[in-house]
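Peer 1: sharing a sequence plus its predicted fold:
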Amino acid sequence: MVTGLSGRGYNRHMNIPHIAAHLEKSGYIVLPSHLPGDLLTRLTARCQDNDTTRFQTAQIGRGNEKKRVRAIRGDVISWLDEADDTDRAFLSEMERLRAGLNERLYLGLFDYECHYAIYGTGTGYAKHLDVLHGKKNRILSTVLYLNENWQADDGGELDVYEKTGASIIATVTPVSGTMIIFLSEIFPHEVRISNSARRSIAGWFRISGS
Ligand code: OGA
Ligand code: MN
């Protein structure tokens, strides 16, 4: 049974001890159903690029090294906004996860940043690590998928590689409600070419500093 229910939150959906145990053991976890359906519906409605002012072409690198390389990374992104009720509901779930993981794993997670992402038809994201060049502040990566009725031939799977990048240890279908959490510095990963618009929220728990 789930313990520790409190207030109006979505606590019954998130089993933090289970997540912590998996992260400790293998460094990643794929959760098929992590958040309630009504929240997923609201997040999906926020992840639409008909409002072209909100979504911007994703870039690679930082500062002077920023590049737009559609062949490497094909998504448009929009950072979540504390002022929006829906975004705030998601951020508060992730805040609870942050606090719960810190209690159990002593990771010293300091904050969480995340953006909506939409990969257009025919795009993906080539194999990479989430640690930004010259920075070491991303500790845990998360991706929540927002695609209802995703079909096998829509592609867009996430391949997660073991540390050396030589072989695939997990392939994740980006179907609505699935969330993957993994150690940012350990696992190279790649988004296969998508044959349909592919929606998600990618985020990172960080430690403080540089
Ligand atoms: C990323 C990323 C994976 C995915 O945004 O850095 O690797 O499945 N996303 O969308
Ligand atoms: Mn990534």
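Peer 2: Okay, I see it. Ligands and ions are numbered 1, 2, ... in the order given.
Peer 1: just list whatever residues bridge to the residue lying closest to Glu113 once chain neighbours are set aside.
Peer 2: Excluding the flanking residues, the one nearest Glu113 by Cβ to Cβ, 6 or more residues apart in numbering is Trp204, at 5.6 Å. For glycine as for every other residue, the C-beta is placed from the backbone atoms N, C-alpha and C. Per DSSP bridges, residues listed as beta-bridge partners of Trp204: Glu113, Ser141.
Peer 1: Trp204 reaches Ser184, doesn't it?
Peer 2: Yes. At 6.4 Å, Trp204 and Ser184 qualify as touching, with contact defined as Cβ atoms under 8 Å.
Peer 1: longest helix in the chain, by number of residues?
Peer 2: Assignment by DSSP state H gives helix 85-105 as the longest helix of the chain.
Peer 1: residues of it that come out buried?
Peer 2: Counting neighbours by 16 or more other Cβ atoms under 10 Å, one finds that the buried residues in helix 85-105 are 86-87, 89-91, 93-94, 96-98, 100-101, 105.
Peer 1: can you redo those residues as CSV with pLDDT?
Peer 2: Putting these into CSV (pLDDT from 0 to 100) gives the following:
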residue, pLDDT
Thr86, 98
Asp87, 98
Ala89, 97
Phe90, 98
Leu91, 98
Glu93, 96
Met94, 97
Arg96, 96
Leu97, 97
Arg98, 97
Gly100, 97
Leu101, 97
Leu105, 96
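Peer 1: between those residues, which is nearest Tyr145?
Peer 2: Phe90 (13.2 Å; Cβ to Cβ).
Peer 1: residue contacts, the residue nearest in space to the middle of the chain?
Peer 2: Note on the chain: the residue nearest the mean C-alpha position is Val143, at 1.8 Å, using Cα atoms, centre = their mean. Neighbour list for Val143: Leu158, Val172, Met179, Ile180, Ser200, Ile201, Ala202, Gly203 [criterion: Cβ atoms under 8 Å, 6 or more residues apart in numbering].
Peer 1: elements contacting the lowest-mean-pLDDT helix or strand in the chain?
Peer 2: Every helix and strand of the chain was ranked by mean pLDDT, DSSP states H and E. The lowest is strand 56-57, at a mean of 87. With contacts taken as 3 or more Cβ pairs under 8 Å, 6 or more residues apart in numbering; DSSP states H and E, strand 56-57 sits against strand 75-79.
Peer 1: wondering if the strand it packs on reaches ligand 1 at all.
Peer 2: No. Strand 75-79 is not in contact with ligand 1 by Cβ under 6 Å from any ligand atom; minimum separation 6.9 Å.
Peer 1: which elements pack onto that strand?
Peer 2: strand 56-57, strand 111-119.
Peer 1: buried ones in the last one?
Peer 2: Same thing as strand 111-119. Neighbour-count burial for strand 111-119 [16+ other Cβ under 10 Å]: Tyr112, Cys114, His115, Tyr116, Ala117, Ile118, Tyr119.
Peer 1: go back to the contacts of Val143 and keep what's next to ligand 1.
Peer 2: Restricting the contacts of Val143 to those near ligand 1 - Cβ under 6 Å from any ligand atom - leaves Leu158, Ser200, Ala202.
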